[in-house]
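Participant: Give the three-dimensional model of this entry:
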Amino acid sequence: MSNRIVTESAFLAACRGEEASHTPVWIMRQAGRYLPEYRRLREGTDFLTFTKTPDLAAEVTLQPIRRFELDAAILFSDIMTPVEGMGVELEFDGGPVIRNPIRDAESVARLRIPDPLESVPFVLETIRSVRDELDGSVPLIGFAGAPFTLLCYLVEGHGTRTFSAARAFLYAEPDAARLLMSKLADTMATYLEAQAEAGAQALMLFDSWVGLLAEPEFEALAAPAVARVFNRLKDLSVPLIYFPNQGGHLLERVLMWSGSTGGRRSLRRAEGLGLISRCRETWIPPLYSHHAIG
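Facilitator: Residues are numbered from 1 along each chain as shown. Model prediction:
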């Protein structure tokens, strides 16, 4: 790979809404089964241990960069990683499994907002190690899960295609659902701030299951929590990216939405927050820049 430096990065230029030397290419998910070197490294090690071992996580982060001419690296981790620090019992068995699903207001009240330095030091160490190894060749993307997507797993207890228990929770326990979304938003904002401080040069919020929501549900629940995260991050000197998976019907709401989360908040067309969406397997590149403003 050529010795490109981050200050000339096509990826960061595109994130800033500037003209880039070429259309940047990066892998939305970190290394995985498509790489034989990853499969060899994973042998005999469970996924959770893998993500919590900085040497292994750093190596896997770097594997796609060594193999392909990519414009950015993305951290090897999982969107569920920070919820353990909230008091959630997390396992992986073909996907995340929550042994103590959140189903009532008391369970939500017991959740704490952890300090990333204490709850996920291995993630921050991985970021620092990867930055050292990259040595300015390409930028590193950090990420977290969006509040609604995390709520789906915490309430359902495992992955499904419909998350019916989680969606029912939104209506059966509306106050608890809003409090849960707020706690998740604050935890993810703190987590992403720590990633930026450790060296992540762009931050991405994955809303993997937001496409399950109709527009009114998105406006009432998911969008205020997303705005809460990005308003915490808007003063950071790194690009922010929101990925509403299968959210083609929500894109205009993401661009034009306004609501209230401790004051008026809006997601408007401006510099600072890039938007990427996959709708019916069609990728919309980050041709717009947006940010959350107060």
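Participant: Can you get me a residue count around the nearest residue to A176 once chain neighbours are set aside?
Facilitator: Ranked by C-beta to C-beta, 6 or more residues apart in numbering and with sequence neighbours excluded, the top spatial neighbour of A176 is A105, at 4.0 Å. C-beta coordinates here come from the backbone N, C-alpha and C atoms, glycine included. Neighbours of A105 under the rule other C-beta atoms under 10 Å: 14.
Participant: Tell me the spacing between A105 and V226.
Facilitator: 23 Å (C-beta to C-beta, to the nearest Å).
Participant: same deal with R232?
Facilitator: 11 Å.
Participant: Looking at these two, which is more packed in?
Facilitator: Neighbours per residue, other C-beta under 10 Å: of R232 and V226, the larger number sits with V226, 29 against 17.
Participant: Work out for me the element the more buried one sits within.
Facilitator: helix 223-233 (DSSP states H and E).
Participant: and that helix, what's its mean pLDDT?
Facilitator: In this model, helix 223-233 carries a mean pLDDT of 93.
Participant: distance between that helix and the chain's centre?
Facilitator: 12 Å (C-alpha atoms, centre = their mean, to the nearest Å).
Participant: If you count contacts, what does it end up packed against?
Facilitator: Contact analysis of helix 223-233 by 3 or more C-beta pairs under 8 Å, 6 or more residues apart in numbering; DSSP states H and E lists helix 147-156, helix 174-198, strand 202-207, strand 240-244, strand 258-260, strand 264-275, strand 289-293 as its packing neighbours.
Participant: how about a cut-off of 6 Å?
Facilitator: With contacts defined as 3 or more C-beta pairs under 6 Å, 6 or more residues apart in numbering; DSSP states H and E, helix 223-233 has these neighbours: helix 174-198, strand 289-293.
Participant: contacting residues around G157?
Facilitator: Going by C-beta atoms under 6 Å, 6 or more residues apart in numbering, G157 touches I98, P101.
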